[in-house]
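Colleague: Pasted the sequence and its predicted model underneath.
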4 protein chains.
Amino acid sequence: MQIEKYKLEEHNHSLQKEHQRKFDFIAADIKDVNGLLQKLIDFQVAIPSWALGTGGTRFGRFPGGGEPRNLEEKIEDIGLLHALNRSSGAISLHIPWDIPENASHIKALAAQNGLKFDAMNSNTFQDQPDQELSYKYGSMQHVDKAVRKQAVDHNIEVVKYGLELGSESLTVWLSDGSCFPGQLNFRKAFQNTLESLQEVYAALPDHWKMFVEYKAFEPNFYSTTVGDWGQSLLYTSKLGKKAYTLVDLGHHLPNANIEQIVALLLMEGKLGGFHFNDSKYGDDDLTVGSIKPYQLFLIFNELVEGMDAKDMNHATDLGWMIDASHNVKDPLEDLLQSVEAIMITYAQALLVDRKRLAEAQNNNDVVTAQEILQQAFRTDVRALVAEARLRSGGVLNPLSVYRSEKVRESLIKQRGSKTVATGL
Amino acid sequence: MQIEKYKLEEHNHSLQKEHQRKFDFIAADIKDVNGLLQKLIDFQVAIPSWALGTGGTRFGRFPGGGEPRNLEEKIEDIGLLHALNRSSGAISLHIPWDIPENASHIKALAAQNGLKFDAMNSNTFQDQPDQELSYKYGSMQHVDKAVRKQAVDHNIEVVKYGLELGSESLTVWLSDGSCFPGQLNFRKAFQNTLESLQEVYAALPDHWKMFVEYKAFEPNFYSTTVGDWGQSLLYTSKLGKKAYTLVDLGHHLPNANIEQIVALLLMEGKLGGFHFNDSKYGDDDLTVGSIKPYQLFLIFNELVEGMDAKDMNHATDLGWMIDASHNVKDPLEDLLQSVEAIMITYAQALLVDRKRLAEAQNNNDVVTAQEILQQAFRTDVRALVAEARLRSGGVLNPLSVYRSEKVRESLIKQRGSKTVATGL
Amino acid sequence: MQIEKYKLEEHNHSLQKEHQRKFDFIAADIKDVNGLLQKLIDFQVAIPSWALGTGGTRFGRFPGGGEPRNLEEKIEDIGLLHALNRSSGAISLHIPWDIPENASHIKALAAQNGLKFDAMNSNTFQDQPDQELSYKYGSMQHVDKAVRKQAVDHNIEVVKYGLELGSESLTVWLSDGSCFPGQLNFRKAFQNTLESLQEVYAALPDHWKMFVEYKAFEPNFYSTTVGDWGQSLLYTSKLGKKAYTLVDLGHHLPNANIEQIVALLLMEGKLGGFHFNDSKYGDDDLTVGSIKPYQLFLIFNELVEGMDAKDMNHATDLGWMIDASHNVKDPLEDLLQSVEAIMITYAQALLVDRKRLAEAQNNNDVVTAQEILQQAFRTDVRALVAEARLRSGGVLNPLSVYRSEKVRESLIKQRGSKTVATGL
Amino acid sequence: MQIEKYKLEEHNHSLQKEHQRKFDFIAADIKDVNGLLQKLIDFQVAIPSWALGTGGTRFGRFPGGGEPRNLEEKIEDIGLLHALNRSSGAISLHIPWDIPENASHIKALAAQNGLKFDAMNSNTFQDQPDQELSYKYGSMQHVDKAVRKQAVDHNIEVVKYGLELGSESLTVWLSDGSCFPGQLNFRKAFQNTLESLQEVYAALPDHWKMFVEYKAFEPNFYSTTVGDWGQSLLYTSKLGKKAYTLVDLGHHLPNANIEQIVALLLMEGKLGGFHFNDSKYGDDDLTVGSIKPYQLFLIFNELVEGMDAKDMNHATDLGWMIDASHNVKDPLEDLLQSVEAIMITYAQALLVDRKRLAEAQNNNDVVTAQEILQQAFRTDVRALVAEARLRSGGVLNPLSVYRSEKVRESLIKQRGSKTVATGL
């Protein structure tokens, strides 16, 4: 489904005057507002193909309707989001849920929707119907070399699909671990995993990156074999310079200081990218910014500072992806909210007065350092984000257009109310 | 499947000598060993009907084989466990997963296996195929009175089924809550839930108990409407004397002192029963005693002390149930391990020298108080538990018999390797 | 120390133009801006007398200089804060750290500084040099009736001091609990505590409130006898209608949903007041709003909603206090930041569109409900808070005046650099 | 104070018969009981000099009496413990609390008590009265090079003291970190700290080890500059082969899997040693084994497995120290309980059937793997530990002797009831 261009324009027109008032107000306080807007325009967040349908928990799933029935429809859905916010210009595929049977067709469809192919995701945490060996007791960690080989081969196949589509990175999330004390020899599990990763790494094209994601717990409830940033860094250091650590905000123990982890990974040149979401208890996979927006700001604050210190390009040198689950919301609305939260937070982080902050830090002036961060966070930057959208061809209020154009209703009409997105 | 009696006897005979050595050793230190053994013999743990198949997480499920295909086979499985350990003499049913179409037949089958019907469990956390209204946004808390009524009616129907089978309690676990700030008006959610519970309560037979279970989070990830023991106690106090709080060990925030909660609920006369399991992170539903056995001991220590102070019957005055999920183990083996852990811990709690403990407490002799508890916990009571099993007709080592008799292999042969237990 | 009035005026004058621009911008979006400002003006946060000096941890303390040497100087310090922000018009005393030897003199001095006496705080968590019996093993929970009596008598004496000063509430925070399993009989500890509280309650004037504060852990590390809101509510319900639960934001287990607790306590008519601070790990006692500002907003959102539903007066019907520790900041600057954060958050909560929120909730429109809350939280309300300060005689930027007037330097000059505030 | 030898013998004699019965019972099940006993005999746990007096919290301290007034008396106290349990044959000093003014005298006194000098501990988390620059804003991380130099010099001085006494390791625990977002540039704090550690490292004798301890939080409540094992490993890897990571059990985020961390550090050859204690909430510093004895067992299980895999000597190749605080117990009794818990747990870990465990792991037989660990943990090994004590000249029940000989009463008589151990 596509919304006709004139409708987007009508929408923008109707809100223009009020928007201008707000934008002028905030712009007056910013030195290089155009430079800042350009950064916002350049910043793109990849949408994972599995986030377009209703998620669920082990207790149940309450599907909405109109979910995409295949990869083509997933691309269309992201294309629709991108048409509205101009910040969702990439898709992150999951194999085997989204095998591109006809790569050139898929590639063309994506291009048509203004989308690139971000990191490819492999899956060795589930058994597929046709799969020879089971991952019940792990994949890359498995005591049986044949299972490990199956997992390695799968990852190499995922890279192959990615190559056809123009992706340049592979995200390896392993659910490998154990549910009970004694189940694993931790050392051997590490070494098996390392060896498996090395085999995949060896098959990785030179211009590709490998992202090694860590997670504290779930679906294994005693140990996870890539369980924290320290473990991921051990793997990626041993693997080599194409290997990077990927941070998913929901994959930490309670109270972890994620922003410090981000800063140190950046310092080590080993931060690869992000899975954005929010959470209160565990890997809750809630809408970005819905629970702890200040923590998200502090993370972006480190990202901007650390990337600038290394002369990195904000838009291209790290992988930015959403990884959320939508149990009680329309997935597309949820994604619009998530991207909006990311853009707002990025804008706030760009507003931090870095020179004064460095001064305050050098003077141990803790009060002023806090004031500087809060000054940025308390600023209402929504008009900046809206202006960036406007300038790049999007709409002032994506959610409002989505609703007034009755997108969900159309999708249900078109696809039916009982569809289930692949992978869910 | 049933194991022939002579095989059990052969097993016991082969281990008898070694067992006797161990039992004599420990018995020598116990004043009234027969009294203690009788308490162990009397203590029965209900097995939930949903714990007989392979569990799973939202990421996947790795089924074993030979899972029970219907209620009859579930009863048989528990009958088998009970024949081995003589401590699993009850079944806790879940509706609609285990609707007893022919109650008298089911009742007879259970009796044949030596099983009683423990608490009935209702389900308003999932939508059933034929269900009119959805529980996506809650059941008893729902803003729509019609949904609440549907949930109330379902619970009343569950009571009806229970009555036919001779059950005398209803466990109400509500997953009701919210995933995002703003989604719920907490006060109205509470009041709707209270009103719904009151309607069920009104329909409850006089000799029945209603257990109101609480849970900190999952599947809702922002708030839960019966979220902690304080909330459950508010409901059960307002409901009346047939209403009790049910404690599931995995339903707490990190670091919670569950044994203190248990003591206070007992003090208030509002503790109804237990769902046993173990966990490291959240509601991990691991084998009882596999992660924090000392915490389990401290809980049993409070139970014994508190029940004795009120002259309660350990075996009958609270509901004892397992509630676990078996992702990487044979469910029946897991249940044998869980029951064993419960019996061991109960035996240890019975060994606590209460008179000396009270003295130490009165003298603020913290060191001695700790020593007294550790003295009991460090005692190897396995021979006591085995002796209790022996005297009540079970076997010395249930797990060993289960394996040597190749029970799982027989079940697979009989039921197939691709069965999925109802409710999973 | 007092800052001369003309300096405050000069400061305001210098910032007036820029302030007016910002205020006009935000005011244009608010229906009844004067009504909202009045609420902000009326809202007063009590400063605890122990928060005026440098705090510390068990590992050490790094004092700044110029700390108040006695109660008079503490009152002067709060008077100074209040002169700047007009929102700190109350002091919360701690006995025995701040015994008002000459009550009428102290009362006059407070009045001179525009300050009222908020809740009185007793101390039975430390032994005083002249104290007969030790609280090493608890106070109101103690197995020895004589110790309990000493604790009760102390609380009654605190009430007496409070009466002389015009206070109308007593905050009872008990550190009572245990460090090791076995140390306490939980039930007897509860009953001893209840009995002790009842004796204090009996001595409480009719127009007074008793606040029973709870805390999950520290300084006891196994159990706390008033450990969570459920326990506090048990006590306050049994005590009677003058007894209320007090919520300190830092006194919860990880991930607790404090806003839900607040809503339920309000529903029960048992919320008494707040101790504001912020924390990441435990009772960190950090500056309000410095770590989780959105959580603070969600709490205020419940407060406004719940108080309005009961027709309560925001300013007077609950006790609002700060309880923080200042280890690395100038305490007075920290307090200015804390009060500012509270006022900002209160203003945001007042901006929530309650009618639309209720509608969204009734429609299970989770997305819109979230948008409504975020709309308020993302609004930059600082100009509203500044305007309220301006209209009530304070300054536009308190922190800036504090620094430019070199208050700390003056205090050090006046009081010395090695002073230690009583109680620290 | 010393207990006369004949009294120890009398004590042992009186318990001998019962002990023999228990020892014979357990010994019958162990293949090489003498080999196991020798390992227990060889295993020595260092007592920190600061653990001999009553600890406290920021809220207060409740001193007992008879605390050691100087280093000589501390050595005497540990000597007494060692005479009883023969497993406390080392002391870990803290500078500047225990400066050995006369090293040869101190050395002789220690030798006389059978004690070695284990790791030396530096202190840059407090300001000493005569100290030039303050550590308020950190030590090795400090933005001011002069402060960093002061911290480095102090550590080098600590090494010098250690050299005189025959110690061979330095434990660096830094409380460096921040209390508020913005306070630190994480990257610069890391780099400053690394540079400082490198300067100390350069001054370290070749046969010495440097232990870099990590801690999640406290006394800094937002970030800690050596905050987790991953950060410590980064430092120690960059420092070189004399640098190792030290694990304190209480220094982790909630729910951390410490045993996995231990296994990985061992795998990397970077585990240096341990600070034993127990905790429920944070760095509670409770008696070893008093809260989570099974976790302690799982850690020892990894230690034994991992050290054996590397042919390490259990007794000498890692540093074993207690680090606890004694708020409500007699410190010497607490230490006896802690050492006992360590010895019991070590014995249980030695009993694990490693061959069968490896088989079970290779077969993914999770149930059996759990059984094997539980078999060891459920075994009552106290008679083994007692026998090891007996054979090495200690007593069967140290705590009982300590009490019957009225040690505390004697110490109070000798030293007074108001003494405060240095450093407390």
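Modeller: That came through fine. All of these numbers come straight from a predicted model, not from anything done at the bench.

Colleague: Strands of the stretch 251-400 of chain A, residue ranges please.
Modeller: A:271-276, A:319-322 (DSSP state E, counting those that start in this stretch).

Colleague: Burial-wise, tell me which of those comes out on top.
Modeller: Mean neighbours per residue, mean count of other CB atoms under 10 Å in any protein chain shown, is largest over those for strand A:271-276, with a mean of 26. Placement of C-beta: from N, CA and C, glycine included.

Colleague: Just the residues contacting that one, thanks.
Modeller: For strand A:271-276, contacts defined as CB atoms under 8 Å, 6 or more residues apart in numbering or on different chains pick out A:45, A:119, A:169, A:171, A:209-213, A:236, A:243-251, A:262, A:265, A:288, A:296, A:306, A:318-324, A:338, A:342.

Colleague: is any part of stretch A:362-379 close to chain D?
Modeller: Yes. Contact between stretch A:362-379 and chain D, assessed by CB under 8 Å from any CB of the partner chain, occurs at A:362, A:364, A:366, A:369-370, A:372-373.

Colleague: That stretch and chain C in contact?
Modeller: Yes. Using CB under 8 Å from any CB, stretch A:362-379 reaches chain C at A:366-367, A:370-371, A:374, A:377-379.

Colleague: Tell me the one of those nearest D:Asp228?
Modeller: A:Val366 (23.1 Å; CB to CB).

Colleague: Correct me if wrong: the closest one contacts C:Val328.
Modeller: Yes. With contacts counted by CB atoms under 8 Å, A:Val366 reaches C:Val328, the gap being 5.2 Å.

Colleague: Could you name every residue contacting both of these two?
Modeller: Shared contacts of A:Val366 and C:Val328 (CB under 8 Å, 6+ apart): D:178-180, D:183.

Colleague: and the top helix by length along chain A, what other elements does it pack with?
Modeller: The helix that spans the most residues within chain A, counting by DSSP state H, is helix A:5-27. Contact here means 3 or more CB pairs under 8 Å, 6 or more residues apart in numbering or on different chains; DSSP states H and E; on that basis helix A:5-27 packs against helix A:382-391, helix A:398-404.

Colleague: For chain A, which residues are neighbours of chain C?
Modeller: Counting by CB under 8 Å from any CB, chain A sits next to chain C at A:25, A:254-255, A:257, A:280-281, A:287, A:289-295, A:328-330, A:333-334, A:337, A:344, A:366-367, A:370-371, A:374, A:377-380, A:382, A:399.

Colleague: still on that earlier bit, most neighbours among the residues of stretch A:362-379 next to chain C, which one is it?
Modeller: A:Val366 (28 neighbours; other CB atoms under 10 Å in any protein chain shown).

Colleague: Quick check: chain neighbours aside, which residue is closest to it?
Modeller: D:Gln183 (4.8 Å; CB to CB, 6 or more residues apart in numbering or on different chains).

Colleague: Show the pLDDT at the one you found.
Modeller: The model reports D:Gln183 with a pLDDT of 98.

Colleague: Surely it and D:Phe221 touch.
Modeller: No. Applying CB under 8 Å, one finds D:Gln183 not in contact with D:Phe221, separated by 10.8 Å.

Colleague: Now do the longest helix of chain A: everything it contacts.
Modeller: If you take CB under 8 Å, 6+ apart as the criterion, helix A:5-27 is touched by A:33, A:83-84, A:379-384, A:386-387, A:390, A:394-397, A:400-401, A:404-405, C:25.

Colleague: For the residues you listed, which ChimeraX command selects only the ones that are buried?
Modeller: The buried residues among the contacts of helix A:5-27 can be selected in ChimeraX (16 or more other CB atoms under 10 Å in any protein chain shown) with this line:
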select /A:83,84,379,380,381,382,383,384,386,387,390,394,395,396,397,400,401,405 /C:25
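
Colleague: Next one: whatever residue of the stretch 301-424 of chain A ends up closest to chain C from C:Asp24, what distance?
Modeller: As assessed by CB to the nearest CB, chain C sits closest to A:Asp380 within the stretch 301-424 of chain A, at 4.0 Å. Applying CB to CB, to the nearest Å, the value for A:Asp380 to C:Asp24 is 15 Å.

Colleague: Then A:Asn363?
Modeller: 35 Å.

Colleague: repeat for A:Ala203
Modeller: Separation of A:Ala203 from C:Asp24 (CB to CB) stands at 63 Å.

Colleague: do the same with A:Gly240
Modeller: Where C:Asp24 is concerned, A:Gly240 sits at a distance of 58 Å (CB to CB).

Colleague: So what's the residue count around the residue in chain A that chain D sits nearest to?
Modeller: Nearest to chain D in chain A, going by CB to the nearest CB, is A:Gly230, at a distance of 2.3 Å. Other residues near A:Gly230 number 21, with proximity taken as other CB under 10 Å.

Colleague: Helix, strand or coil: sort out it for me.
Modeller: helix (DSSP: H, G, I helix; E, B strand; the rest coil).

Colleague: list the contacts for it?
Modeller: D:228-231, D:233.

Colleague: can you do 6 Å?
Modeller: Contacts here follow CB atoms under 6 Å, 6 or more residues apart in numbering or on different chains; on that basis A:Gly230 touches D:229-230.
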